[in-house]
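K.L.:
Generate a structure from the sequence data that follows.
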Amino acid sequence: MTVDYRAEARADRATQAEQRRLDAAAAERRREDRQRAEDERAARLTAQQTADKARRRAERAAWRGQALTPQNVYRVGTLALVVASGLASLPAQVLHFVAISPMLLPLPLSLEGAAWVMAAGVAFADSRHLAARVRWLLRLFVVAAAGFAASVNYGYGVHLSGLSPAEQSTAGIGLAAVTLLGPVLFEIRQWVCTLAASEDDSPEARSARRHSRLRRRHHRSVARTADRLLSAAPLGTLTAEEAWARAWAIETGADCPGMTPRLHRRAVQSAADLEAALTPQPKTGRKHKKSTRNGRERSTPDLRKSADRAGPAVDLAPVVVNLPEARPVGFLKSALPLKPSADPQPVRPVTLAAQSARPARRATGRVPQSARPARRPARTPDELLTEARQATAGWPVEHLTADRIRKAVHTSSERARTLRDALTAERTGAGVTS
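P.N.:
The predicted model follows:
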């Protein structure tokens, strides 16, 4: 078998060329990947640096915005003025006491320190919500220490040598004022901070405090009773609302806070008026004239009572007047004969009421006679009860009232109440029996 070495050599060279080409392509891809990674890293670093710079700029702006708020300016400015006041007043006190004796050097430091320690105590008492007497006692100590230091500085200023009397007085007043300026500014700052802290509460807390103030101011007796109940009960066993409910029941007798006997009477009256307005009234054939004073129809006993209240009754004596008997006559003829009759007809007596010597006083709410219904024969209690049963057959028990029964059967108020009791007893007894 003959071997073609030239063909093998050419094949080897072609294989080596292809391998070199593949190696070069792989190297180019690796270089491109490295370049891409470096570019991405550089882009991330640039973005990170930009973000850090923007964040630092925002933090500086926020810090400047927070530092320059009115609250911070007021607090920092007040503290700066307080420090300046102490630095201005302390040297004069040191020189004054050292001029007397070097042994008195700690005295001005003690005065200034006492004033500022007591002022810090006021701030601490405000933060812990201590009693008002503690805070005012601390304020009294501050005023005493600051006042003594101001008097010392004033005496030192008015005795400065080399100055005119006017300049000495100005120096003394200025040193005394700057001594008092620091404690006064610190106290004002504390008041403002305390008020601002109380105003920073939630709306619910402010509403609760306002409601408590209004409730205690409007119901002082109930508030005193509730406080006594809270102080008498063991701690934590009785809440403020439970004590208030009990105190309200004790003072007014009502279980619902806010309601009083007067309000209950008004509620019952309003409910009765509404029930009367919603209940249809029975229609009658004859219309009754209503009084223009009160706008209500009243029964005969009520009219009698009204007439009794109007004034004393006038005694009406019967007077007998003899009148001729009326006889039918013809058209255009006189009703009485022109000549006396031979046989006079007997006359019947007619009773009329004599007129009073003075005009009778009109009774309030009196119904005219023409508007009154015709009198019906008196009914027995059994007849009234039967009529009431028929009229109220479809009524519920809660509608069995004396006023409704009186209007339904047209009777007096006393009999209506009797009928109401009888019907109610029958309905209740029937319900119990069934």
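K.L.:
Regarding residue 173, which helix or strand does it belong to?
P.N.:
Secondary structure assigned from DSSP states H and E places residue 173 in helix 165-199.
K.L.:
Now do that helix: which elements does it pack against?
P.N.:
helix 70-100, helix 106-127, helix 132-158 (3 or more CB pairs under 8 Å, 6 or more residues apart in numbering; DSSP states H and E). To be clear about C-beta, it is placed using only N, CA and C from the backbone, and glycine gets the same treatment.
K.L.:
Tell me where the chain has helices.
P.N.:
Taking DSSP state H, the helices of the chain run over residues 5-67, 70-100, 106-127, 132-158, 165-199, 203-218, 220-232, 240-252, 261-278, 300-310, 381-391, 402-409, 413-433.
K.L.:
Most tightly packed of those helices?
P.N.:
helix 402-409 (a mean of 20; mean count of other CB atoms under 10 Å).
K.L.:
ok and that one relative to helix 381-391, angle-wise?
P.N.:
Counting by axes from the mean of the first three to the mean of the last three CA atoms, to 10 degrees, helix 402-409 lies at 90 degrees to helix 381-391.
K.L.:
pull the CA atoms of helix 402-409 into CSV?
P.N.:
Only the C-alpha atoms of helix 402-409 are listed here, as CSV (Å, rounded to 0.1, in the frame of the first residue of the first chain):
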residue,chain,number,x,y,z
ALA,A,402,-108.0,57.5,79.1
ASP,A,403,-108.0,60.3,76.5
ARG,A,404,-108.6,58.0,73.6
ILE,A,405,-111.3,56.1,75.3
ARG,A,406,-113.0,59.4,76.3
LYS,A,407,-113.0,60.5,72.7
ALA,A,408,-114.2,57.1,71.4
VAL,A,409,-117.2,56.8,73.7
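K.L.:
ok, back up a step: reformat the helices of the chain into TSV and put mean pLDDT next to each item.
P.N.:
Listed next are the helices of the chain as TSV, based on pLDDT from 0 to 100:
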stretch	mean pLDDT
helix 5-67	88
helix 70-100	82
helix 106-127	85
helix 132-158	88
helix 165-199	83
helix 203-218	85
helix 220-232	91
helix 240-252	91
helix 261-278	89
helix 300-310	45
helix 381-391	88
helix 402-409	88
helix 413-433	80
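K.L.:
do you know which of the helices and strands packed on helix 165-199 lies nearest residue 192?
P.N.:
Closest to residue 192 of those, according to CB to CB: helix 70-100, at 7.3 Å.
K.L.:
how many degrees apart are that closest one and helix 5-67 in direction?
P.N.:
Going by the same axes, to 10 degrees, helix 70-100 makes 60 degrees with helix 5-67.
K.L.:
Which neighbouring elements make contact with helix 70-100?
P.N.:
Applying 3+ CB pairs under 8 Å, 6+ apart, one finds that helix 70-100 makes contact with helix 106-127, helix 132-158, helix 165-199.
K.L.:
closest to residue 95 out of these?
P.N.:
Comparing the helices and strands packed on helix 70-100 against residue 95 with CB to CB, the closest turns out to be helix 132-158 (6.7 Å).
K.L.:
chain center to the closest one, what's the gap?
P.N.:
45 Å (CA atoms, centre = their mean, to the nearest Å).
K.L.:
again with stretch 212-221
P.N.:
11 Å.
K.L.:
do the same with stretch 240-259
P.N.:
Using CA atoms, centre = their mean, the offset of stretch 240-259 from its chain centre is 17 Å.
K.L.:
before we move on, what about stretch 229-245?
P.N.:
Its chain's C-alpha centre and that of stretch 229-245 lie 23 Å apart, by CA atoms, centre = their mean.
K.L.:
okay, that stretch in PDB with CA atoms only?
P.N.:
Extracted C-alpha coordinates of stretch 229-245, given in PDB (Å, rounded to 0.1, in the frame of the first residue of the first chain):
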ATOM      1  CA  LEU A 229     -66.000  57.500  94.400                       C
ATOM      2  CA  LEU A 230     -62.600  57.100  92.700                       C
ATOM      3  CA  SER A 231     -60.700  58.100  95.800                       C
ATOM      4  CA  ALA A 232     -62.800  55.700  98.000                       C
ATOM      5  CA  ALA A 233     -62.500  52.700  95.700                       C
ATOM      6  CA  PRO A 234     -59.200  50.600  95.600                       C
ATOM      7  CA  LEU A 235     -56.800  51.600  93.000                       C
ATOM      8  CA  GLY A 236     -57.600  50.100  89.600                       C
ATOM      9  CA  THR A 237     -60.900  48.600  90.600                       C
ATOM     10  CA  LEU A 238     -63.100  51.500  89.300                       C
ATOM     11  CA  THR A 239     -62.600  53.300  86.100                       C
ATOM     12  CA  ALA A 240     -63.300  56.900  85.500                       C
ATOM     13  CA  GLU A 241     -66.300  56.200  83.200                       C
ATOM     14  CA  GLU A 242     -67.800  53.800  85.700                       C
ATOM     15  CA  ALA A 243     -67.400  56.300  88.500                       C
ATOM     16  CA  TRP A 244     -69.000  59.000  86.300                       C
ATOM     17  CA  ALA A 245     -72.000  56.700  85.500                       C
END
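K.L.:
okay if I get the helices and strands packed on helix 70-100 as CSV plus distance to residue 80?
P.N.:
Converted to CSV, these look like this (distance: least, CB to CB, whole Å):
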stretch, distance to residue 80
helix 106-127, 15
helix 132-158, 19
helix 165-199, 10
